[in-house]
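**Student:** Predicted coordinates and the sequence they were generated for:
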Amino acid sequence: MLKFTEDHEWLNIADGIATVGITTHAVEQLGDLVFVDLPETGASLGKGDAAATVESVKAASDVYCPLEGEIVEINDAIRNDPSIVNAEPQGAGWFFRLKLANPADAEGLMDEAAYLALVG
Amino acid sequence: MDDTADLKKTPLTALNIELGGKMVGFAGYEMPVQFPEGVMKEHLHTRAKAGLFDVSHMGQVILRPKSGKVEDAALALERLVPVDVLGLKPGRQRYGLFTDAQGGILDDLMFANRGDHLFVVVNAGCKEQDVALMRAGLSDVCEVIELTDRALVALQGPAAESALAALAPEVASMAFMDVREVQILGAPCIVSRSGYSGEDGYEVSVPEGKAVEFVRTLLSNPDVHPIGLGARDSLRLEAGLCLYGNDIDTGTTPVAAALEWAVQKVRRTGGARAGGFPGADVILAEFERGASRRRVGIAPEGRAPIRGGAELFLDETSDAPVGRITSGGFGPTLNAPVAMGYVATSIAQPGTRLFAELRGKRLPVTVATLPFITPGYKR
């Protein structure tokens, strides 16, 4: 199940675990990423908490935790090479995996058609 | 793009949009922050080949001496800047600073001796204030004429010479900080061999009616790419050059800003024309005693860019900051974060280890020598 947030994150949810990243649209807005700061594995985050930071040449932006849950895995590859996020934002450039506290909460997020309508 | 509706345009704004520039407001102008190539590639291209920048938002001002003698305009301008203007030879350009009565910096500028007048270039964000300052301070001696009908184009990088010389062969023989009037595409242009990227290159003042043709002709050379303000900022930061409003302002003095080189000996204590500029008592005293803080390069040890505003500490736990970052970001040429800022003079030696606070964490940084790159100026 693929879901999106208004903060331009995507979630690919299976068995109560959401793989989270930032959207192609977000990456186009940010430009070349030069640094990614990821949360600690095991961290419990609430919906809307700052979970990660991305820095382009120009500016820093927060990536928010889209739903309440626990960080169960992070993508170290993008920490070592942030350009992976530019190249494959909705694939190899994922940020972290989140064990959802309440998987049903995901129903409230946008589907892909709604997100694409939002970003025009 | 509604947010750009009230912004002023340059003679090149329409072309910048046509080239895919992502337009933002900067100093009241609608300017490209980047082109489709993106900041990183634009930066690297400028260092490898040549980048073309629309800097028409900057102020271009002529100081024409009423007496007809450029020396009179030079002496008059020396009332406003702690710089040797009189000693600047015809056909040469120099960096300068407008200072205030407290020794602070009102703006930085470039000025050129054009034989029978001075040609001054000031920052976009300060130009109204600068023109007013010059009108108030110099009008007894000079006509102060703001040129509003000319574009200003910077062409920077190792391929700048060949690209511009293809249109005007004589520019190849110019040295760093030379200034000449050159006919380009049939139009009288003022060309200086200078810029603000740390690279060899030129700034060209071109009549507005010729600006688009001039830029299109340069861009037809595959070595020349259009570059936005984003890369302009990362280029000048790697080159250790100050951005007015970030790294220098009315709260910083020339000595604190490590710009002693911009105050020639003739204007310092013991010089033939010592003092006689705003804030001379403060500024000259700092040449003797030093300033309490100093602008330095800051090299973060990790990968995280540390940007302007971040505070600097002696260690990971101390409460009182000992300095502050004024400009910082990622340096594409170094492939590492770079920054500059002010620290207490006692800890300004290169190699001093400090900590910058970023998002609640203290990250190790090292005081570094500026510039971060080796400049390509053609002396």
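**Tutor:** Structure's in. What do you need?

**Student:** Nearest the geometric middle of chain A, what residue?
**Tutor:** Note on chain A: the residue nearest the mean C-alpha position is A:Gly21, at 2.7 Å, using CA atoms, centre = their mean.

**Student:** Specify the local secondary structure of that residue.
**Tutor:** Here A:Gly21 is recorded as strand under DSSP: H, G, I helix; E, B strand; the rest coil.

**Student:** can you pull out the helices in the chain?
**Tutor:** Just so you know, I chose chain A. A:24-30, A:76-80, A:83-87, A:112-119 (DSSP state H).

**Student:** Chain B was what I was after
**Tutor:** Ranges of helices within chain B are B:13-18, B:39-48, B:70-77, B:127-138, B:160-165, B:208-219, B:229-238, B:280-289, based on DSSP H.

**Student:** still on that earlier bit, okay, the helices of chain A in CSV with mean neighbour count, distance to chain B and mean pLDDT next?
**Tutor:** In this view, the C-beta of every residue, glycine as well, is placed from N, C-alpha and C. Below are the helices of chain A laid out as CSV (neighbours: other CB atoms under 10 Å in any protein chain shown; distance: least, CB to the nearest CB, whole Å; pLDDT from 0 to 100):
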stretch, mean neighbour count, distance to chain B, mean pLDDT
helix A:24-30, 18, 9, 93
helix A:76-80, 15, 8, 95
helix A:83-87, 18, 9, 96
helix A:112-119, 13, 16, 96
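
**Student:** Identify whichever of these lies nearest to B:Val266.
**Tutor:** helix A:24-30 (49.3 Å; CB to CB).

**Student:** A:Ala117 and A:Met110, how far apart?
**Tutor:** 9 Å (CB to CB, to the nearest Å).

**Student:** again with B:Leu235
**Tutor:** For B:Leu235 relative to A:Met110 (CB to CB), the value is 39 Å.

**Student:** and chain A, which of its residues are near chain B?
**Tutor:** Counting by CB under 8 Å from any CB of the partner chain, chain A comes close to chain B at A:31-32, A:34-35, A:37, A:53, A:55-60.

**Student:** Residue 24: what's it in contact with?
**Tutor:** Picked chain A for this. A:89-90 (CB atoms under 8 Å, 6 or more residues apart in numbering or on different chains).

**Student:** wrong one, chain B
**Tutor:** With the criterion set at CB under 8 Å, 6+ apart, B:Val24 makes contact with B:4, B:30-33, B:229.

**Student:** mind listing the strands for chain A?
**Tutor:** A:2-4, A:9-14, A:17-22, A:33-37, A:44-45, A:50-56, A:60-64, A:69-74, A:96-100 (DSSP state E).

**Student:** what's the shortest one packed up against?
**Tutor:** For strand A:44-45, the packing partners by 3 or more CB pairs under 8 Å, 6 or more residues apart in numbering or on different chains; DSSP states H and E come out as strand A:69-74.

**Student:** Tell me what angle the strand it packs on forms with strand A:17-22.
**Tutor:** 80 degrees (axes from the mean of the first three to the mean of the last three CA atoms, to 10 degrees).

**Student:** tilt between strand A:69-74 and strand A:33-37?
**Tutor:** 120 degrees.

**Student:** B:Leu235 and A:Met110: which has the busier surroundings?
**Tutor:** B:Leu235 (30 against 16; other CB atoms under 10 Å in any protein chain shown).

**Student:** now the more buried one: how far from chain A?
**Tutor:** 11 Å (CB to the nearest CB, to the nearest Å).

**Student:** what sits against that residue?
**Tutor:** B:43, B:46-47, B:51, B:156, B:196-199 are the contacts of B:Leu235 under CB under 8 Å, 6+ apart.

**Student:** Next one, pLDDT for the nearest residue to it once chain neighbours are set aside please.
**Tutor:** Using CB to CB, 6 or more residues apart in numbering or on different chains and skipping the chain neighbours, the partner closest in space to B:Leu235 is B:Ser197 (4.0 Å). Predicted confidence (pLDDT) for B:Ser197: 98.

**Student:** wait, isn't B:Ser197 in contact with B:His45?
**Tutor:** No. Between B:Ser197 and B:His45 there is no contact under CB atoms under 8 Å: 11.3 Å.

**Student:** related to what we said a few turns ago, count of neighbours near the residue nearest to B:Leu235?
**Tutor:** 28.
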